[in-house]
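Enquirer: how would this look folded up:
(3 chains)
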Amino acid sequence: MNLRRRYLRDRIMVVFVYLGTLIVLLPLGFILLHVFTQGIGALNWDFFTKPPAPPGEGGGGMLPAIVGTFVIDLMALAMGGLLGLGGGILMAEYPDHPLNRPLRLVANVLGGIPAILMGLFAFVLVVVPMGGFSAFSGSVALAILMIPIIMRATEEVLRILPWELREAGLALGLPRWRVTLSLILPAARGGIVTGLLLALARAAGEAAPLLFTAFGNPFLSFDPLGPMDSLPLKIYVYAISPYEDWIRQAWGAALLLALLLMATNYLARRAMRRG
Amino acid sequence: MRSKIYGKPGDRVFTALLVVLGLTVMLVAALMAWELGFGGREAFRAFGFWGFLRGTAWDAVAEQFGAWPFLVGTLITSAVALALAFLPALAAAIAVAEYAPRWLGELVAYLIDLLAALPSVVYGLWGIFVLVPLVRDHVEQPLFLWSAEHAPALMGVLGPPTGIGMLSAVLVLALMIVPYASSLARDAIRLVPRSQREAMYALGATRWEVVRRVVLPYARGGIFAGVILALARAIGETMAVTMLIGNSGQLPYSVFGPAATMASVIANEFAEAEGGLQLSSLLAVGFLLMLLSLAVNLVADFILRRMSVGEGRK
Amino acid sequence: MKKIVILVMMLLLAAAFARGVTLSGAGATFPYPLYAKYFSVYHKATGVRVNYQSIGSGGGIRQLFAGTVHFGASDAPLTDKKLAEFEQKRGTRVIHVPTALGAVVPTYNLPGVRAAVRFSGPVLADIFLGKIRKWNDPALAALNPGVKLPPLPITVVRRSDGSGTTYIWTEYLAKVSPEWKKRVGVGKSVSWPAGMGGKGNEGVAGLVRQIPGALGYNELVYAVQNEIAYGAVQNRAGKFVRADLASLRAAAELPDFPPDTRVSLTDTPAPEGYPIASFTWILVYRDLDKNRAVKSAAEARALAALLDWIIHDGQQFNEALHYATLPEVAVRASEANLAGLLYRGEAVIPK
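Expert: Alright, predicted model coming up:
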């Protein structure tokens, strides 16, 4: 009798657990479905090759935003990557360094701060002194977002490597820095690339830090010191607008952005498996 | 010993370089806190720290500013979103880590990661054009009409059934933190040693009993920390909330009616503020938002350390 | 691989340095459709790029004050206090260059109502004060005999950001409703007693489209372009007027026009005039070198040439986008103001 109740409860819980999972996955299905069906129609040749048209006129495309996304994000990756890698190496390779404890705390704190505050910070720190909105200031905001992610990933990957690897290098008479650069980093390449790509994917979807930094720009621009457009920013502006054509393009941009992020995530996973 | 390892000139340069990079990171964080606090000093001076925190007016004409409505909006939206997200997230984590066959588990985990990778603006876009009409026509309006007939007292609590407002924002927020909470819970569950489960099975326990009596208690530190981190995520979430919440800082809030959060008021007003006290007040709101996220993160850290069984995690 | 990366970097750098003059501006969303048209045409004609971001008038003024943009744009003229602040802290006067005449219209979303709903100033004020809450309120019904107004609740939609459109709207409401003046006042962002906020003219129009029973306020072109219904408003002479080019021009027929062009057109006494009309202005420093965004004499000249083009050749694009062209007096006044632009003490436009 008691046993039957226990089995029954076991079975009921199976149903509940899968039901909960379904509740999680169902909206995802809807979101992906809508983004795909609504977005696919907007992706035409003009979308990739033309600057936006004045509102209400129809036509036009996303070229400046697509280019801007790459420029801003790659600049951010360069800055965030350097600082994040440096911090990560310091924490993993010099475990007894006095800087490590505060650094780890700072990394945790930075990781928990909302992205929009990075935008505020970049506005106060870069936009105001430089006298204008710029792609660079947007990159600074995104770089700060990336730093803790890269730092944590780097540290974790380096920690996994056996200590014997370092000892072998040192036994050959290599200085510590050569061991790190020529032995440790190549051995951890896969994991590090994964960390970089995941940070990139995380930052590339953010619009909030760019609102008061990169600012947006309807013209194609490569100038890092001038305002520049970006896909997430464009989706926001177009989504809250009343223009049918802009809304259509917002769906297109959402699809494109989602595809780019998925591709980045896929590459990140592959790098991990290879490394 | 130490001097030999760190001794070579190349090493000294390399270490110095790393230290400089590390110091830069720390400088950035310190500068950030300082800039926000310093930028908000005018507002804090004009209204006092508690006066600003507890002030309910946000009036650029009379130059009266207070963060209370936004603080309340932030806390309500993120807490309710978390309450909605908790059980499904935990269920999905259990399904992936304990119940599902390997292939299914991997597929579900992959899909959940995909959900986590979708940008906030895409959730917002979907919210405006798919969720809002749905919520308005099939949830809010029937409820509103029902209360108009049967319980007029409820109408004020429910608010205008327009679709854009607190309810939609909370729903989308819940959707957004589910994958995050779920993947953290999954990680915590996976850390439970096999031997623990096997011991329980050996005693004749059913699968659910193993989950209930071994896995969940063992992983509770990680699960709770994950929940709190998801809360932190919800508190800072900006774009989707801004697009859906209706942006009105008028207390008291109603269930369907418009509201505002700290992040949304910054996103809305920062670029437009004419300067002076309003700008300073927005920076002060940013400072408070930072303090709140910090506090929540520290709580998560504390829980992780205190509630972990045995070694758990370091 | 490395070579390709270096090559791409060099190309990027080359592209960055080869760019022509780019002017940046920020401000009002009210004239944004018009400015987008101006700058798109102007780019094709001259190669000069103008990056205009419609972030709201309040933001435009702040960015101009901070020296982050070449020009600001606002639907509300600067107050005397703000002008004095510019003079004191930046050492220059600010010149107002009107570009167009626009109307702010009450936009609404009433499924099933075809006729244009009629409003009066006091009724609009009461709705935005939260005192009239239903579309079939007696006060509204009395203004609209023969129109069957549904018993929908009114959802007030207003701006969430600082905005010149809000300034025009609240200025009008304050002129016609003492209670509004006392409780809320006039400003680019006010403490709203009711309703929800949308970001920018676009955001308000977007919300009005989304929500049945919504009532918002928008620049005319946003209503027309998006086929959002907008109402007629009773003017001071007692006539119900819908905003159009004729009623706008009628509103701007002022006997004496101030040389600095700062003038309010709301609640016009003109019998045929639409009561919620305003100029929209571009704001620039008179001493352009005081603006950090203006980095060379060439940029100053390009800016002056652009403004000159807008008040003359640009005007032909106004009417297609439902903005009235500037009256002759406003063009004359602006010509005189533009002739006074200086860069390091020298006139920017050679006479």
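Enquirer: mind listing what the residue nearest to B:Leu143 when sequence neighbours are not counted touches?
Expert: Spatial nearest neighbour of B:Leu143, excluding adjacent residues (Cβ to Cβ, 6 or more residues apart in numbering or on different chains): B:Leu158 at 6.5 Å. (Each C-beta comes from the backbone N, C-alpha and C, glycine too.) In this structure, B:Leu158 makes contact with B:Glu140, B:Leu143, B:Phe144, B:Ser147, B:Ser254, B:Val255, B:Phe256, judged by Cβ atoms under 8 Å, 6 or more residues apart in numbering or on different chains.
Enquirer: roughly how far does B:Leu158 sit from C:Gly195?
Expert: Noted for B:Leu158: a distance of 16 Å to C:Gly195, by Cβ to Cβ, to the nearest Å.
Enquirer: surely A:Gly58 touches A:Trp246?
Expert: No: at 9.4 Å, A:Gly58 does not count as touching A:Trp246 under the criterion of Cβ atoms under 8 Å.
Enquirer: compare these two (neighbour count), which wins?
Expert: The neighbour comparison of A:Gly58 against A:Trp246 (other Cβ atoms under 10 Å in any protein chain shown) goes to A:Trp246, with 23 against 12.
Enquirer: format the CA atom coordinates belonging to the helix or strand where C:Val204 lies as CSV.
Expert: Here C:Val204, judged by DSSP states H and E, is contained in helix C:200-210. Extracted C-alpha coordinates of helix C:200-210, given in CSV (Å, rounded to 0.1, in the frame of the first residue of the first chain):
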residue,chain,number,x,y,z
GLY,C,200,9.7,59.9,-28.3
ASN,C,201,7.0,60.9,-30.7
GLU,C,202,7.5,57.4,-32.2
GLY,C,203,7.0,55.7,-28.9
VAL,C,204,3.7,57.6,-28.1
ALA,C,205,2.4,56.9,-31.6
GLY,C,206,3.4,53.2,-31.3
LEU,C,207,1.6,52.9,-28.0
VAL,C,208,-1.5,54.6,-29.3
ARG,C,209,-1.6,52.2,-32.2
GLN,C,210,-1.2,49.3,-29.9
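Enquirer: just checking, what packs against the helix or strand just after that helix?
Expert: Counting by DSSP H and E, the next helix or strand C-terminal to helix C:200-210 is strand C:214-219. With contacts defined as 3 or more Cβ pairs under 8 Å, 6 or more residues apart in numbering or on different chains; DSSP states H and E, strand C:214-219 has these neighbours: strand C:94-108, strand C:155-159, helix C:164-176, helix C:200-210.
Enquirer: adding distance to chain B, write these out as CSV.
Expert: Formatted as CSV, these follow (distance: least, Cβ to the nearest Cβ, whole Å):
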stretch, distance to chain B
strand C:94-108, 13
strand C:155-159, 5
helix C:164-176, 9
helix C:200-210, 6
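Enquirer: give me the residues contacting stretch C:120-132.
Expert: Stretch C:120-132 has contacts (Cβ under 8 Å, 6+ apart) with C:106, C:139-140, C:143, C:154, C:156, C:158, C:172-173, C:175-177, C:179-180, C:183-184, C:192-195, C:215, C:233-234, C:267, C:275.
Enquirer: do a quick rundown of the helices in the stretch 101-250 of chain A.
Expert: Here the stretch 101-250 of chain A has its helices, by DSSP state H, counting those that start in this stretch, at A:115-122, A:128-130, A:135-160, A:163-171, A:176-178, A:185-187, A:189-204, A:231-239, A:244-274.
Enquirer: tell me which of those sits nearest to B:Gly51.
Expert: helix A:115-122 (22.1 Å; Cβ to Cβ).
Enquirer: quick one: mean pLDDT over the closest one.
Expert: With pLDDT averaged residue by residue, helix A:115-122 scores 91.
Enquirer: does it come close to chain C?
Expert: No: with Cβ under 8 Å from any Cβ of the partner chain as the measure, helix A:115-122 is seen stopping short of chain C, the closest distance being 13.4 Å.
Enquirer: buried residues in that helix?
Expert: Residues of helix A:115-122 classed as buried by neighbour count (16 or more other Cβ atoms under 10 Å in any protein chain shown): A:Ala115, A:Ile116, A:Leu117, A:Met118, A:Gly119, A:Leu120, A:Phe121, A:Ala122.
Enquirer: which other residues reach that helix?
Expert: If you take Cβ under 8 Å, 6+ apart as the criterion, helix A:115-122 is touched by A:137-138, A:140-142, A:144-145, A:206, A:208-213, B:31-32, B:35-36, B:39, B:236, B:238, B:263, B:266-267, B:270, B:283, B:286, B:289-290.
Enquirer: which parts of the helix or strand containing B:Ser195 are buried?
Expert: In the assignment (DSSP H and E), B:Ser195 maps to helix B:194-202. By neighbour count, with 16+ other Cβ under 10 Å as the criterion, the buried positions of helix B:194-202 are B:Gln196, B:Arg197, B:Met200.
Enquirer: after that helix, heading C-terminal, what element do we hit next?
Expert: helix B:207-210.
Enquirer: tell me which strands and helices that next one is in contact with?
Expert: If you count contacts as 3+ Cβ pairs under 8 Å, 6+ apart, helix B:207-210 packs onto helix A:2-40, helix B:194-202.
Enquirer: what packs against the last one?
Expert: In terms of contacts (3+ Cβ pairs under 8 Å, 6+ apart), helix B:194-202 is packed against helix B:207-210.
Enquirer: any stretches of the chain with poor pLDDT?
Expert: Defaulting to chain A. A:1, A:56, A:274-275 (pLDDT under 70).
Enquirer: if you could check chain B rather than the one you did, that'd help
Expert: Residue ranges of chain B with pLDDT under 70: B:1-7, B:273-275, B:308-314.
Enquirer: point out the residues in it that sit beside chain C.
Expert: B:57-62, B:64, B:128, B:132-133, B:136, B:160, B:162-165, B:242, B:246-248, B:250, B:257-258, B:260, B:268-269, B:271-275, B:278-279.
Enquirer: now do 6 Å
Expert: Neighbours of chain C within chain B, by Cβ under 6 Å from any Cβ of the partner chain: B:59-61, B:160, B:162, B:246-248, B:258, B:268-269, B:271-272, B:274-275.
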